[in-house]
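>>> Pasting the sequence and the predicted coordinates here, then a few questions.
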Amino acid sequence: MVIVSASTLQVSIEICATLAFALSGLIAGARKKLDPFGVFVVTGVAAFGGGTLRDVLLDRRPFFWVEQAHWLWLMLIMCLLAMLFMRSRHILLTERAILIPDALGLGLYTALGTQIALGLNMPVIVCALMGVMTAVFGGVLRDIFCNEIPKAFNDHQPYAVIAFSGSLVVVALNALNLPPWLCVSISASLISIFRIAAIYLNWRLPSWNIEA
Amino acid sequence: MVIVSASTLQVSIEICATLAFALSGLIAGARKKLDPFGVFVVTGVAAFGGGTLRDVLLDRRPFFWVEQAHWLWLMLIMCLLAMLFMRSRHILLTERAILIPDALGLGLYTALGTQIALGLNMPVIVCALMGVMTAVFGGVLRDIFCNEIPKAFNDHQPYAVIAFSGSLVVVALNALNLPPWLCVSISASLISIFRIAAIYLNWRLPSWNIEA
Amino acid sequence: MVIVSASTLQVSIEICATLAFALSGLIAGARKKLDPFGVFVVTGVAAFGGGTLRDVLLDRRPFFWVEQAHWLWLMLIMCLLAMLFMRSRHILLTERAILIPDALGLGLYTALGTQIALGLNMPVIVCALMGVMTAVFGGVLRDIFCNEIPKAFNDHQPYAVIAFSGSLVVVALNALNLPPWLCVSISASLISIFRIAAIYLNWRLPSWNIEA
């Protein structure tokens, strides 16, 4: 994923964000009382599903989790420890604790995914979709594997919508010929800030004006 | 997708059919009260999911929606307008209005998908499956994303079955050395006619003779 | 799939195992009262979904069901015959009859899938995951298509867990420089034996210690 010279800050954010995505999968698995294999799959899909789907569509190899396979071991151990030591009260604590790293991940992964697609000369909207997919589709696949409608599709929180707007910022900054690392940094920060604002100010997306 | 010299007629059918597929996704999203991102994903998947899955399996790039990215913008605008202006009574009207374009799409996409696979020297049944997948799997993925059993799997309407039979016609006509555009035209017409007949004559597929 | 010189024994096991996987899909489709197209898709996905997903991720072509397309015809005929002649009492009989071939398939497909990934120089845990995916993800996709939580995720039977352990045995044996056919044979046998033991001794995986 290193397309901008990976600063220590970026690497730290990546680690926190991937763990936050993974923990969202772990919690979903715990809520559904999945067995160890199910928990591991849902955790792994939540962490890496978005980037993997993007790479399959863009025909890029190797995947992040093939190049950095120690992440998979880490996830395996995390799942085993969670099944041994996690209790009901930890779930709510964890959910609150991952809100900020998740917002950082939304920013960073969207910006990186968009930049990758731009590097492959994809059209603007495809770049934006690849950015959003990188950050959001792990959660979508996690929910499909748990037999739920994806939260990102119906919780009416501005999550993917903020990512989409931010990915257009990546494209715009690239059009100004700024260096890639700067485009990614600015857009990632903007997305994360707006996402955090959306959480604390409780922004809501408009709903359908119909009876289903 | 242009493997036969694309006549104006074919292009017109393609546009109507893609819109019909997209509208089926939009309606499914509205019924499930998805938020704007969910509606856009389900609409896009209904329109392009089948062809994309076919291309991933056949390892073909670029995807239709990468080459013709203006379709994605169109879909985005369509979703936004629908969320603003669609009311409950429009849903039933739309469902009735898209029956015929959907049948035309079933014919055209099945025939084109089969012809593409034939061009890659796939075995007969793989060609037929690729044809059916092109036309039907957008709807299947749409329903999976909405957390429903795919309608194509259990509504007992002859939809995929007609497409499958028609794709075998594509193969047969190619075996007679007819030019591709003629194979596609004849088969697409046959599929559409039978599908429309199935709707108006209310044909049903046989059911299981078991208690589940 | 022939990476070890395919003995008659291996070919016989492959045929029995693929049929067992396919029958599990057919039964799932019957239980959900799917129509003929749905039954065929779910049957095909149960039989070939795992290997196909592995090959998409590893970017390998052609797929098994493209090279051996007669399997698809066989499955089509099997589905049609089942819809004509299957009765409720056959379902339980079939479920019992496929337990052993399914366990043989779990062993063989896991070992073969792991060996394939090893041949592509994948990291250890990726090889193990590819092995498990080959054997288990057909069933996972079958259940997702039927709108259920995958049985492999929440039935607390040691199925994927045994496959995972066995795939690490494949890796270990390769590290000892044993010939591939021997690595696959030993590990496949071990997995199948443990799986059969798990069935008859009613082994269970540990559960979450939480209230969801």
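Right, received. Where do you want to start?

>>> Looking at chain A, what residue ends up closest to chain C?
Per C-beta to the nearest C-beta, residue A:38 is where chain A lies closest to chain C, at 2.8 Å. To be clear about C-beta, it is placed using only N, CA and C from the backbone, and glycine gets the same treatment.

>>> Just give the closest residue to that residue, not the sequence neighbours.
Nearest non-adjacent residue to residue A:38, counting by C-beta to C-beta, 6 or more residues apart in numbering or on different chains: residue C:153, 2.8 Å away.

>>> Per-residue confidence at that neighbour, what does it come out as?
On pLDDT, residue C:153 comes in at 96.

>>> Where does the residue nearest to the spatial centre of chain A sit, in terms of helix or strand?
Compute the mean C-alpha point of chain A, and by C-alpha atoms, centre = their mean the closest residue is residue A:135, 3.0 Å away. Here residue A:135, judged by DSSP states H and E, is contained in helix A:124-145.

>>> between that helix and helix C:124-145, how big is the angle?
80 degrees (axes from the mean of the first three to the mean of the last three C-alpha atoms, to 10 degrees).

>>> Helix A:124-145 near chain B anywhere?
Yes: Helix A:124-145 reaches chain B (C-beta under 8 Å from any C-beta of the partner chain) through A:124-126, A:129, A:132, A:136, A:140, A:144.

>>> Please compute how far that helix lies from its chain's middle.
8 Å (C-alpha atoms, centre = their mean, to the nearest Å).

>>> How many residues are close by the residue nearest to residue A:108 when sequence neighbours are not counted?
Spatial nearest neighbour of residue A:108, excluding adjacent residues (C-beta to C-beta, 6+ apart): residue A:188 at 4.7 Å. Number of residues near residue A:188 (other C-beta atoms under 10 Å in any protein chain shown) recorded here: 26.

>>> Just the buried positions in the host helix or strand of residue A:188, please.
Per DSSP H and E: residue A:188 is located in helix A:180-200. Using 16 or more other C-beta atoms under 10 Å in any protein chain shown as the test for burial, helix A:180-200 gives A:180, A:183-188, A:190-192, A:194-196, A:198-199.

>>> likewise stretch A:50-66?
A:50-55, A:57-58, A:60, A:62-66.

>>> Could you find the closest non-adjacent residue to residue A:113?
Going by C-beta to C-beta, 6+ apart, residue A:113 has residue A:134 as its nearest residue, at 2.9 Å.

>>> Okay, the one you found and residue B:183: tell me how far apart.
40 Å (C-beta to C-beta, to the nearest Å).

>>> Next: residue A:67.
Residue A:67 is 45 Å from residue B:183, by C-beta to C-beta.

>>> before we move on, what about residue A:95?
Applying C-beta to C-beta, one obtains 56 Å for the distance of residue A:95 from residue B:183.

>>> Ok, residue A:85 next?
In this view, residue A:85 and residue B:183 are 63 Å apart by C-beta to C-beta.

>>> ok, now residue A:102?
Per C-beta to C-beta, residue A:102 is found 51 Å from residue B:183.

>>> and what of residue A:139?
Counting by C-beta to C-beta, the gap from residue A:139 to residue B:183 is 43 Å.

>>> what do you get for residue A:41?
According to C-beta to C-beta, residue A:41 and residue B:183 sit 43 Å apart.

>>> Then residue A:58?
Between residue A:58 and residue B:183 the computed distance is 32 Å (C-beta to C-beta).

>>> same question, residue A:19
Noted for residue A:19: a distance of 54 Å to residue B:183, by C-beta to C-beta.

>>> how about the helices in chain A?
For chain A, helices defined by DSSP state H occupy the ranges A:8-31, A:36-58, A:64-67, A:70-85, A:88-97, A:99-119, A:124-145, A:151-154, A:160-175, A:180-200.

>>> In contact with the nearest residue to residue A:164 once chain neighbours are set aside, which residues?
Setting aside the residues directly before and after it, residue A:164 is nearest to residue A:132 in space (C-beta to C-beta, 6+ apart), at 5.2 Å. Contacts of residue A:132 were listed using C-beta atoms under 8 Å, 6 or more residues apart in numbering or on different chains, and they are A:110, A:113, A:160, A:163-164, A:167, B:37.

>>> my guess is residue A:210 meets residue B:88, correct?
Yes: using C-beta atoms under 8 Å, residue A:210 makes contact with residue B:88 at a distance of 4.5 Å.

>>> Neighbour count for these two, which is higher?
Counted by other C-beta under 10 Å, residue A:210 and residue B:88 do not tie: residue A:210 has more neighbours, with 16 against 13.

>>> So which bits of chain A are right by chain C?
Chain A comes close to chain C at residues A:29-38, A:41-42, A:52, A:56, A:59, A:61, A:63, A:65-66, A:69, A:72-73, A:76, A:83, A:86-88, A:91, A:144-147, as judged by C-beta under 8 Å from any C-beta.

>>> Residue of chain A closest to chain B, please.
Closest contact between chain A and chain B, by C-beta to the nearest C-beta, is at residue A:153 (2.8 Å).

>>> Low-confidence bits of chain A, can you list those?
For chain A, the stretches flagged by pLDDT under 70 are A:1-6, A:212.

>>> Let's see that with 90 instead.
The model of chain A has pLDDT under 90 over residues A:1-14, A:17, A:83-92, A:206-212.

>>> So which bits of chain A are right by chain B?
Residues of chain A lying near chain B (C-beta under 8 Å from any C-beta): A:56-57, A:59, A:122-126, A:129, A:132, A:136, A:140, A:144, A:147-150, A:152-157, A:159-161, A:164, A:205-212.
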